[in-house]
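Enquirer: Please find the sequence and the predicted model below.
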Amino acid sequence: MSEQILVDVRNLKKHFTKGPEVLKAVDGVSFQIRQGETFGLVGESGSGKSTVGRCLIRLYDYTGGEVYFDGQNLSKLSDKQLKPFRRRIQTIFQDPYSSLNPSMSVLDLIGEPMDIHGIYKQADERKEFVAGLLEKVGLKREHLYRYPHEFSGGQRQRISIARAMSVRPDFVVCDEPISALDVSVQAQVVNMLEDLQAEFGLTYLFIAHDLSMVRHISDRIGVMYRGRLVEVAESDELYENPLHPYTKALLSSIPVPDPRAANSRMAVKYEVPTAKDGTVPELREVSPGHFVADH
């Protein structure tokens, strides 16, 4: 893992309005991801973690803040200027059932982004490249001409991963890529993502609510609550020494195969504390690499 910063998120905000009401889905989030690193983003449903991922790939325009990728401010770019960055930034979505076009074969699904970015224009070359990708994700050459409905959920997600890898990205937003899969398949997919990262030098933003799996794959982890980061630390440090009350409650919710441990578990009941002037706490470094937001 390099020390070079590939992704730099600065005070990112995404607010949704409906009449007079404002939903602050993301409200002042800042973090950096080093090249070759996996940065995990965890939190309960509605915490804003997936919205952060969608802002990073410009599926959503930002309400405020900036996102820098390899030194370039993405928020300032037009759609035309974004095109080369869209090749370098890919996404693996949560639902493998709705993220694949049911009318396209596997060869066409994986080849479509290659068409858009002008990679392997010769049909024979493309077919061989796609077949090689399928083998890397645990599928077979014979699957090239099959359609999504012929595959299981785990196999469909492997196709989605191959599709993301087809344009040789540098950064991949993994938006809860295993949450819709059987438990027996989840570990296989995570291990495959790690193998692909090692082979291609990828950088990941891994968004999930499965805390055990996030610890396994992530170098550092950020914990989100109500649109804000409340704690950021290296993976082992966060799990062994959580400092924020919400992080402690969240980690306490991880299932353990011991009924006697239930007595020591905490319910997730937390409200963001505010100072007398109405401000919420900002992240501050309490030990090297360990940041927590608390008054």
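Expert: Arrived safely.

Enquirer: and the nearest residue to residue 141 once chain neighbours are set aside, how far is that from residue 292?
Expert: By the measure of CB to CB, 6 or more residues apart in numbering, the closest residue to residue 141 outside its immediate chain neighbours is residue 131, 4.5 Å from it. For every residue, glycine as well, the C-beta is placed using N, CA and C. For residue 131, the distance to residue 292 equals 48 Å [CB to CB, to the nearest Å].

Enquirer: and residue 81, backbone torsions?
Expert: phi -70, psi -20 (degrees, to the nearest 10).

Enquirer: How about the contacts made by residue 110?
Expert: For residue 110, the residues meeting the contact criterion (CB atoms under 8 Å, 6 or more residues apart in numbering) are 130, 133, 134, 159, 162, 163, 166.

Enquirer: And the helices in the stretch 101-250 of the chain, which stretches?
Expert: With DSSP state H, counting those that start in this stretch as the criterion, the stretch 101-250 of the chain has helices at 106-117, 123-136, 153-165, 183-200, 211-217, 235-240, 245-252.

Enquirer: Neighbouring strands - and their directions - for the helix or strand just after the last one?
Expert: Following helix 245-252 in sequence order, the next helix or strand is strand 283-287 (DSSP states H and E). Strands adjacent to strand 283-287 in the sheet, as given by DSSP bridges, are strand 290-293 (antiparallel).

Enquirer: and the partner strand, how far from the chain's centre?
Expert: Distance of strand 290-293 from the chain centroid (CA atoms, centre = their mean, to the nearest Å) equals 20 Å.

Enquirer: what's the closest of the helices of the stretch 101-250 of the chain to residue 49?
Expert: With CB to CB, the closest approach to residue 49 among the helices of the stretch 101-250 of the chain belongs to helix 211-217: 10.7 Å.

Enquirer: Pull the residues that contact that closest one.
Expert: The set of residues external to helix 211-217 that reach it, using CB under 8 Å, 6+ apart, is 38, 40, 42, 178, 186-187, 190, 193-194, 204, 206, 208, 221, 235-236, 239, 250-251, 253-254.

Enquirer: List buried members of those by neighbour count.
Expert: 38, 40, 42, 178, 186, 190, 193, 204, 206, 208, 221, 235, 239, 250-251 (16 or more other CB atoms under 10 Å).

Enquirer: buried sites along stretch 109-116?
Expert: Within stretch 109-116, the residues that count as buried by 16+ other CB under 10 Å are 109, 110, 111, 113, 114.

Enquirer: so can I have TSV of those residues showing pLDDT?
Expert: As requested, those are arranged in TSV below (pLDDT from 0 to 100):
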residue	pLDDT
109	95
110	94
111	93
113	92
114	92
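
Enquirer: and which of those is nearest residue 198?
Expert: The shortest approach to residue 198 among the buried residues of stretch 109-116 belongs to residue 110, at 21.2 Å (CB to CB).

Enquirer: where's the closest one relative to residue 130, distance?
Expert: To residue 130, residue 110 is 5 Å away according to CB to CB.

Enquirer: Output the contacting helices and strands for the one helix or strand residue 82 maps to.
Expert: In the assignment (DSSP H and E), residue 82 maps to helix 79-88. The helices and strands touching helix 79-88, judged by 3 or more CB pairs under 8 Å, 6 or more residues apart in numbering; DSSP states H and E, are helix 106-117.
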